[in-house]
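Visitor: here is a sequence together with a model predicted from it:
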Amino acid sequence: MIPFNKPYLTGKEMHYMYQAVYSGKISGNGLFTQKCQDYFQEKYGFKKVLLTTSCTDALEMCAILADINPGDEVIVPSYTFVSTALVFVRQGAKIIFADSNAENPNIDAEKIEALITPKTKAIAVVHYAGIACNMDKVMQLADKYNLLVIEDAAQAINSYYKGRALGSIGHLAAFSFHETKNINSGEGGMLVINDDRFVKRAEIIWEKGTNRSEFFRGEVNKYEWVDTGSSFLPSEINAAYLYAQIENLDEIQARRKAIFNKYFDGLKEWGNANGIQFPVIPSYGTNNGHMFYMVCKSLDQRTAIIKHLKENGVHAVFHYLSLHKSTYYNAKYEGNELCHSDHYTDCLLRLPLYFELTDGQIDHIIATIKNFSC
Ligand SMILES: Cc1ncc(COP(=O)(O)O)c(C=O)c1O
């Protein structure tokens, strides 16, 4: 069976983890954490980076930093992972779900303004499959209505919008290093702070509500409880693993993009002939090779293609069920139908995409799909 995902090992992970373990400092915020944070800040122009134990944790920090309170509203796409909305609900916010574009699952930026009310505090956007949302439009609305923008860049490492790294445009951003992501540490993530106002508080929230980071830098002579927070920082062992991945980022990206292009070239004619939609990269964005998806014509067709692939030794998957229809939020949802979100819920299918997927395996997957009679 060709699996859907296989985390790639660069070969240096154990070496760096060994170094971390024998350095005698394996809790968080040590040398490897610093090396990873410096790398991301320098490469992508992020103002400040803090590694976290997951993207969900980084989003939780965003919700605290954005000072989301009961009665506030946050605009979130319905077609996304639970965490994008969950973290604001935990703070007591009401979620105003937005629909996706017809061309791709990203939030339809043209429809956001109609959802803004005097209670709106923030807009969360998701760069689905690492493809940029229409950030000029989103930031223009944020300026006009004095809102915060949080980029859920879980899938968007090393991808750009008009030359600017995703995650560097909103006030805050969150990335994932879960094992399904381009670079990973098993479970892991990072918070990006692009707005100076949040830098000091973010460090405190990260360190259980204490000013321990300032203490370690010698800026205060004792540390104490100064704010809310939690233990959001990963251990040095995780950071060491991530550092090995970072060192191979260019190679990983090159292979992942080559796989994406091979799928695209092999399937585009068949897709056009059969009404199947593939990722469209807008002229303002880049492709980071995170995911190759296809949008089938119906739920029945998607189910049949998944079954056909499985019978031929290929594990393909679907994901994201419109959050406004979820068991948890359904009864609380008061908005309109979100037809594009529902369409992706029923019809989007993801093909295997990981570094070690061979050209022969990709050829087999393409041939199997083309054998399917639509
Ligand atoms: C868009 C989006 N946001 C958030 C997350 C949560 O990431 P993590 O598992 O690192 O918490 C995911 C997970 O894949 C995701 O796809």
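Guide: Yep, that arrived. Keep in mind it's a predicted model, so treat the numbers as computed, not measured.
Visitor: would you mind naming what in the stretch 101-250 of the chain lies close to the ligand?
Guide: V126, D152, A154, Q155, S176, H178, G189 (Cβ under 6 Å from any ligand atom). C-beta here means a position set from N, CA and C on the backbone, and glycine is covered the same way.
Visitor: can you put those residues in JSON lines and add secondary structure?
Guide: Formatted as JSON lines, those follow (DSSP: H, G, I helix; E, B strand; the rest coil):
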{"residue": "V126", "secondary structure": "strand"}
{"residue": "D152", "secondary structure": "strand"}
{"residue": "A154", "secondary structure": "coil"}
{"residue": "Q155", "secondary structure": "coil"}
{"residue": "S176", "secondary structure": "strand"}
{"residue": "H178", "secondary structure": "coil"}
{"residue": "G189", "secondary structure": "strand"}
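Visitor: specify which member of those residues is nearest to G24.
Guide: Compare each of these with G24 using Cβ to Cβ and the shortest gap goes to G189, at 25.8 Å.
Visitor: quick check: bridge partners of the closest one?
Guide: As for beta bridges, G189 partners with T52, S176 under DSSP bridges.
Visitor: touching, it and T56? I think so.
Guide: Yes: in this structure, G189 is within contact of T56 by Cβ atoms under 8 Å, at 7.2 Å.
Visitor: neighbour-wise, which of those two wins?
Guide: With neighbours defined as other Cβ atoms under 10 Å, G189 and T56 compare such that G189 has more, 27 against 21.
Visitor: show the contacting residues for that one.
Guide: Counting by Cβ atoms under 8 Å, 6 or more residues apart in numbering, G189 touches 51-58, 154, 174-178.
Visitor: check which helix or strand covers A124.
Guide: Using DSSP states H and E, A124 maps to strand 120-126.
Visitor: from the rest of the structure, what touches the next helix or strand after that strand?
Guide: Downstream of strand 120-126, the first helix or strand assigned by DSSP H and E is helix 135-145. The contact list for helix 135-145, computed with Cβ under 8 Å, 6+ apart, reads 107, 109-110, 112-113, 116, 120, 123, 125, 147-149, 161-162, 164, 169-171.
Visitor: in PyMOL, how would I select just the buried ones from these?
Guide: The buried subset of these, as determined by 16 or more other Cβ atoms under 10 Å, is captured in PyMOL by this line:
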select buried, resi 107+109+112+116+120+123+125+147+148+149+161+169+170+171
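Visitor: what sits up against stretch 258-274?
Guide: 276-279, 287, 289, 292, 294, 297, 351, 353, 357, 359, 362-363, 365-366, 369-370, 374.
Visitor: give me the nearest residue to the spatially most central residue of the chain, chain neighbours excluded.
Guide: Geometric centre of the chain, nearest residue: A154, 1.3 Å, by Cα atoms, centre = their mean. Among residues not flanking A154 along the chain, S176 sits closest, at 3.9 Å (Cβ to Cβ, 6 or more residues apart in numbering).
Visitor: got the contact list for the one you found?
Guide: Counting by Cβ under 8 Å, 6+ apart, S176 makes contact with S54, C55, A154, Q155, G188, G189.
Visitor: contacts only, for the fifth one.
Guide: Right, G188. L51, T52, T53, S54, S176, F177, H178, P234, N238, L242 are the contacts of G188 under Cβ under 8 Å, 6+ apart.
Visitor: run the last query once more with 6 Å
Guide: F177, P234, N238, L242 (Cβ atoms under 6 Å, 6 or more residues apart in numbering).
Visitor: what sits up against stretch 316-335?
Guide: Residues outside stretch 316-335 that contact it (Cβ under 6 Å, 6+ apart) are 4, 78-79, 85, 97, 306, 309, 341-342, 345, 348-351.
Visitor: do stretch 294-312 as well
Guide: G275, I276, Q277, F278, A316, D346, C347, L348, L349, T368, F372.
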